[in-house]
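K.L.:
sequence and predicted structure below; questions after.
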Amino acid sequence: MSFRLFHIAAIGVALVIGTAVVIDRPGEESADKAEAQLAAPESTATPQKEKEAAQRLQNPPIPPSPEPPHTPVAQQSASSPQPVKGQMQARRPAQQLTAEQQRAAMLEYWRRAEDQFSLQWDRLDGTMDPDQRAQLISRMAQYVRMNTLDTIHWAMNLEDSGERRLALEAINKYALSGIGARITADATGYPKIAETTVLSAVGSTGMVESGDYIVGIVNTDGQSVDFRNMPMQQIIQYLRGEPGSDVLLMLEREADNGQAYLFDVPVQRSLLVVQPPY
């Protein structure tokens, strides 16, 4: 009996001890304690920091003096402009050439082309390879657009008949063809015939004079084209064409009494004879 009571008492003591161990186990705090820590966080203020804060309130720092206001580039002195990095500079307007300067530039252009033709001619005389000679002949034939008569004269005087035929074919390929007139533009918006060229197709009709206006053309299909305010390059394309092709020019001329009248002139396009201006 006493042994049984002792055994029961030992079990009771063991249960009490086990319960105490579970409650006081490290790392497992109660929910109430955790909530209390979240509700009242630990203060990070120290006595030293509090002292410094009190001193700042008694002696506030002096703010730095403001910088001088920025002056825009547009308001700076014009006597000493300052370049702005990364800013594009205005382009200078194109220089306008006088009539004398334009003529001098044109003469220089023609003389350079003439010198180039003479240089290729010398190379042709010193070359024996057939392929190289054919290439030089083809290049020299392009000079027909600068000096038509001299280029044809050069081709006709080639000794080899095959090279002579090659040169004439190249000339026919590179030569310009059209009505044979030099035209200019004025305030009317229509092209004006300034002069006719040598062997001019329109000049050979005997119906055209310098000062006549070309107001338009009628193509072979019957469609008319008005030249008023049309770009000059586009007008030239209409006037040019294959040698032997027909075009009907619609012209305007001012009569002696000051009245303008219209008339048509049929023209068969032909090779344009270009000559140096000297």
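P.N.:
Ah, there it is.
K.L.:
select the longest helix from the chain.
P.N.:
The longest helix of the chain (DSSP state H) is helix 99-125.
K.L.:
for whatever helix or strand comes next after that helix, packing partners?
P.N.:
Scanning forward in sequence from helix 99-125 by DSSP states H and E, the next helix or strand is helix 130-141. For helix 130-141, the elements it packs on are helix 99-125, helix 148-156, helix 161-174, judged by 3 or more Cβ pairs under 8 Å, 6 or more residues apart in numbering; DSSP states H and E. For glycine as for every other residue, the C-beta is placed from the backbone atoms N, C-alpha and C.
K.L.:
of all those, which lies closest to Glu252?
P.N.:
Taking Cβ to Cβ, helix 99-125 is the member of the helices and strands packed on helix 130-141 nearest to Glu252, at 27.2 Å.
K.L.:
helices or strands up against that closest one?
P.N.:
Helix 99-125 packs on helix 130-141, going by 3+ Cβ pairs under 8 Å, 6+ apart.
K.L.:
neighbouring contacts of the helix it packs on?
P.N.:
For helix 130-141, the surrounding residues in contact (Cβ atoms under 8 Å, 6 or more residues apart in numbering) are 117, 120-121, 123-124, 127, 151, 154-155, 158, 163, 166-167, 170-171, 173-174.
K.L.:
what subset of those is buried?
P.N.:
117, 120, 124, 151, 154-155, 158, 163, 166-167, 170-171 (16 or more other Cβ atoms under 10 Å).
K.L.:
save the residues you listed as CSV, and put in pLDDT and distance to Arg103 too.
P.N.:
What follows is these, written out as CSV (pLDDT from 0 to 100; distance: Cβ to Cβ, whole Å):
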residue, pLDDT, distance to Arg103
Phe117, 96, 21
Gln120, 96, 26
Leu124, 96, 32
Thr151, 96, 23
Trp154, 97, 27
Ala155, 97, 30
Leu158, 96, 34
Glu163, 97, 37
Leu166, 97, 36
Ala167, 97, 31
Ala170, 96, 30
Ile171, 95, 28
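K.L.:
Phe263 is in contact with Arg253, isn't it?
P.N.:
Yes. With contact defined as Cβ atoms under 8 Å, Phe263 counts as touching Arg253 (7.1 Å).
K.L.:
between the two, which has more neighbouring residues?
P.N.:
The neighbour comparison of Phe263 against Arg253 (other Cβ atoms under 10 Å) goes to Arg253, with 15 against 12.
K.L.:
and that one, helix, strand or coil?
P.N.:
Here Arg253 is recorded as strand under DSSP: H, G, I helix; E, B strand; the rest coil.
K.L.:
quick check: beta-bridge partners of it?
P.N.:
Assessed by DSSP bridges, Arg253 has beta-bridge partners Tyr261.
K.L.:
quick one, what contacts Thr196?
P.N.:
Contacts for Thr196 (Cβ under 8 Å, 6+ apart) come out as 180-182, 202-203, 208, 210.
K.L.:
give me the phi and psi for it.
P.N.:
Dihedral pair for Thr196: phi -100, psi 160, per degrees, to the nearest 10.
K.L.:
then Pro266?
P.N.:
Per degrees, to the nearest 10, the backbone of Pro266 is at phi -80, psi 140.
K.L.:
hang on, the earlier thing: return the member of the buried ones among the contacts of helix 130-141 nearest to Phe227.
P.N.:
Ile171 (30.0 Å).
K.L.:
I figured the closest one was touching Leu149, is that so?
P.N.:
No. At 11.2 Å, Ile171 does not count as touching Leu149 under the criterion of Cβ under 8 Å.
K.L.:
doesn't Val225 lie inside a strand?
P.N.:
Yes. Residue state for Val225 (three-state DSSP) corresponds to a strand.
K.L.:
distance check, it against Ile235.
P.N.:
Val225 is 9 Å from Ile235, where distance means Cβ to Cβ, to the nearest Å.
K.L.:
so those two - more neighbours on which side?
P.N.:
Per other Cβ under 10 Å, whichever of Val225 and Ile235 has more neighbours is Ile235, with 19 against 15.
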